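Asks: here is a sequence together with a model predicted from it:
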Amino acid sequence: MEIWINPACSKCRSAVKLLDAEGADYTVRRYLEDVPSEDEIRAVLDRLGLEPWDITRTQEDAARELGVKEWARDASSRERWIKALAEHPKLIQRPIITADDGTAVVARTDEAVRDALAR
């Protein structure tokens with residue numbers, strides 16, 4: 001299991017705390033420092049069953065500068081979104097846990113973290 005975190009994020013710190021409390025075996029990826037490639041983002045999206053716009057933090061300054069709220073949310077625009085996430089990792093929703101069963105969850109709640117642990 002791997003968790004993508006930003007240590008400055010309270011939801012990330014809560015998720016890590018819960019993983020520790022449950023004795024989970026996991027690795028931490030500080031995705032702002034160890035930036036995921038476009039291929040890694042595609043793989044996580046497949047595991048999540050989501051599209052890139054579903055995990056984009058549209059309120060970030062970079063999102064406003066890029067104008068992502070105005071971007072189309074369709075198959076022909078998917079790669080544009082993925083490229084933006086790879087170039088501006090702060091736009092990636094956090095934390096993301098990749099579970100041992102090959103799935104993933106956006107673990108913004110204790111319930112989502114427990115769901116990942118149960119997989």
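Replies: Noted; the coordinates are in hand. Predicted, not measured: the structure shown is a model, and the values here were computed from it.
Asks: where along this protein do the helices fall?
Replies: 10-21, 38-48, 61-66, 78-87, 110-118 (DSSP state H).
Asks: who touches the longest one?
Replies: Which is helix 10-21. For helix 10-21, the surrounding residues in contact (CB atoms under 8 Å, 6 or more residues apart in numbering) are 1, 3, 5-7, 26, 28, 94-95, 97, 107-108, 110, 113-114, 117. The way it works is simple: take the backbone N, C-alpha and C, and place the C-beta from them, glycine included.
Asks: surely residue 58 is in contact with residue 70?
Replies: No - the criterion here is CB atoms under 8 Å, and residue 58 misses it with residue 70 at 10.3 Å.
Asks: between these two, which one's more packed in?
Replies: residue 58 (13 against 6; other CB atoms under 10 Å).
Asks: for residue 32, find the nearest of the helices of the chain.
Replies: Ranking the helices of the chain by proximity to residue 32 (CB to CB) places helix 10-21 first, at 10.8 Å.
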